[in-house]
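Asker: structure for this input, please:
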Amino acid sequence: MRHQAYNPLFPFVKNPEYFDLRTEKSLLQYCLGATLYMPGTKNILDKIINKEMPEITSMVMCFEDAIDEKELELAELNVINHLEKINVAVESEKLSISDVPLIFLRVRNTTQFRDFAKKMTSESVKFLSGFVFPKFATDNGADYLSTFYSLCDRLEVTLYCMPLLEGRAIAYKEIRERELMAIREILLPFKKTVLNIRIGGTDISSLFGVRRGINYSIYDILTVRDALTDILNFFSRVEDDYVVSGPVWEYFLAHSGDNIDQILEENIHISLLNRNQILNEAIDGLLREVILDKANGFVGKTIIHPSHARFVNAMQAVTKEEYDDALQILGNSGGVIKSQKANKMNEINPHRNWARKIMNRSKVFGVVENDLSYLKLILGKNTDGNK
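Answerer: Numbers count the residues shown, from 1 in each chain. Just a heads-up that it's a prediction; the model follows:
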């Protein structure tokens, strides 16, 4: 897989690199980008085998909230069929390993996970990347991880897990700090297989009876923002090296008939943060929230529709100025240096951790010339303004 593949003619300063489920974890944890969640009952097998979804590089097939309990058996059979048929397609060379998106399964609960794990075979895990554990907490975390490692041992396979932080123990302030500390301790021995920390923003919102509107970001909902802040504080520390993914944007996109060439002349960051319209409310809201996600240290985002992917992934790309600053910082042993553009100071030791993250993002999502490049990348424009 390669991010931004939907726009193959785009003139990157540095092209995104290819990755697949065998990529080293230190880089793979940055690769998920826009992760598409879908019901486990959905049939997308032909689309995967026929390579019809170039924007989608990671996905989660869900056994939990996305389906009714009576659909669970059908969903499990559908998922296993997908995984086995993908294995056949790769073995017959209809697909290559790099054509297969990162596929994760969100289990329903610990009981369902134990039962489902028994149904998994070598053929159904070969192109599975791992599992998402919903409402991961101190009262179920050990059970999730025990079943997970038993499955990996039985089938002699390397998989990844992604705890999903949501629920009352995360939402409620009086118990959140203690819960997050305990979760961090539970995960520590298994850190090598924790690919991302994911956040259930919608679930947390529901506990306060609130929902962000299309003109707001998740950061405008104070109770949810406080939870996000604490999760980042516990899991995005440099010494822990977890990658935390941004919460889902709930609104579908609807392309408008705006004059795109005129739009491309705008500075996207300034326009969005000043709430000047770029495309339409849904698109602008998503882009605005991704900018705030990046500013706070989130990498990637949960999405609910394929049309979201290019917007999220394009915005993960690194500008040439950021890339040059990171190179300068990592190429020096200490002190303070004027940046190449002479518009800021690069203080080598304090900025080194930022620079490492920028370099990882540059490998995965590519380097673009400047802020004006983002919409050109999103909308399939080349340097001449042509599609």
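Asker: which SS class is K51?
Answerer: At K51 the chain is in coil, as set by DSSP: H, G, I helix; E, B strand; the rest coil.
Asker: do you know how far it is from R237?
Answerer: Summarising the geometry, the distance separating K51 from R237, computed by Cβ to Cβ, to the nearest Å, is 39 Å. Every C-beta, even on glycine, is put in place using the N, C-alpha and C of the backbone.
Asker: same deal with N349?
Answerer: Distance, N349 to R237, using Cβ to Cβ: 17 Å.
Asker: so where's the stretch 201-350 of the chain shaky on pLDDT?
Answerer: Low-confidence segments of the stretch 201-350 of the chain (pLDDT under 70): 253-280, 342.
Asker: mind redoing it with 80?
Answerer: 252-283, 338-342, 345 (pLDDT under 80).
Asker: name the SS class of L36, please.
Answerer: strand.
Asker: excluding its backbone neighbours, what's nearest it?
Answerer: Spatially, and ignoring its direct neighbours in sequence, L36 is nearest to M59 (4.5 Å; Cβ to Cβ, 6 or more residues apart in numbering).
Asker: run through the bridge partners of the one you found.
Answerer: M59 has the following beta-bridge partners by DSSP bridges: L36, I103.
Asker: surely it and G33 touch.
Answerer: No - taking contact to mean Cβ atoms under 8 Å, the distance of 11.1 Å between M59 and G33 leaves them out of contact.
Asker: the more surrounded of the two?
Answerer: Between M59 and G33, counting by other Cβ atoms under 10 Å, G33 is the more crowded of the two (28 against 25).
Asker: so that one touches T57, yeah?
Answerer: Yes - at 6.1 Å, G33 and T57 qualify as touching, with contact defined as Cβ under 8 Å.
Asker: can you pull the residues that touch both of these two?
Answerer: Between them, G33 and T57 share the neighbouring residues 3, 309, 313, with contact defined by Cβ atoms under 8 Å, 6 or more residues apart in numbering.
Asker: what residues does the nearest residue to G334 once chain neighbours are set aside make contact with?
Answerer: Computed as Cβ to Cβ, 6+ apart, the closest residue to G334 that is not its neighbour in sequence is I348, at 5.0 Å. I348 makes contacts with 329, 332-337, as judged by Cβ under 8 Å, 6+ apart.
Asker: so how far is L379 from the residue at the greatest distance from the centre of the chain?
Answerer: The outermost residue of the chain, judged by C-alpha distance from the chain's mean C-alpha position using Cα atoms, centre = their mean, is G335 at 34.3 Å. Using Cβ to Cβ, one gets 42 Å for the distance from G335 to L379.
Asker: and for F12?
Answerer: The value you get for F12 to L379, if Cβ to Cβ is used, is 15 Å.
Asker: equivalent analysis for D46, please.
Answerer: Spatial separation of D46 from L379 under the definition Cβ to Cβ is 27 Å.
Asker: what ranges do the strands span in this structure?
Answerer: Residue ranges of the strands in the chain, as given by DSSP state E, are 34-39, 58-62, 102-106, 130-133, 160-165, 198-199, 301-303, 318-319, 336-338, 345-347, 367-368.
Asker: which other helices and strands does the fifth one contact?
Answerer: Counting contacts by 3 or more Cβ pairs under 8 Å, 6 or more residues apart in numbering; DSSP states H and E, strand 160-165 packs against strand 102-106, strand 130-133, helix 141-155, helix 173-187, strand 198-199.
Asker: so which of those is nearest G167?
Answerer: When the helices and strands packed on strand 160-165 are compared by Cβ to Cβ, helix 173-187 sits nearest G167, at 9.1 Å.
Asker: residues in contact with that closest one?
Answerer: By Cβ under 8 Å, 6+ apart, the surrounding residues in contact with helix 173-187 are 136-138, 141-142, 145, 163, 165, 168-170, 194, 226-227, 230-231, 234-235, 240.
Asker: right, I'll leave it there.
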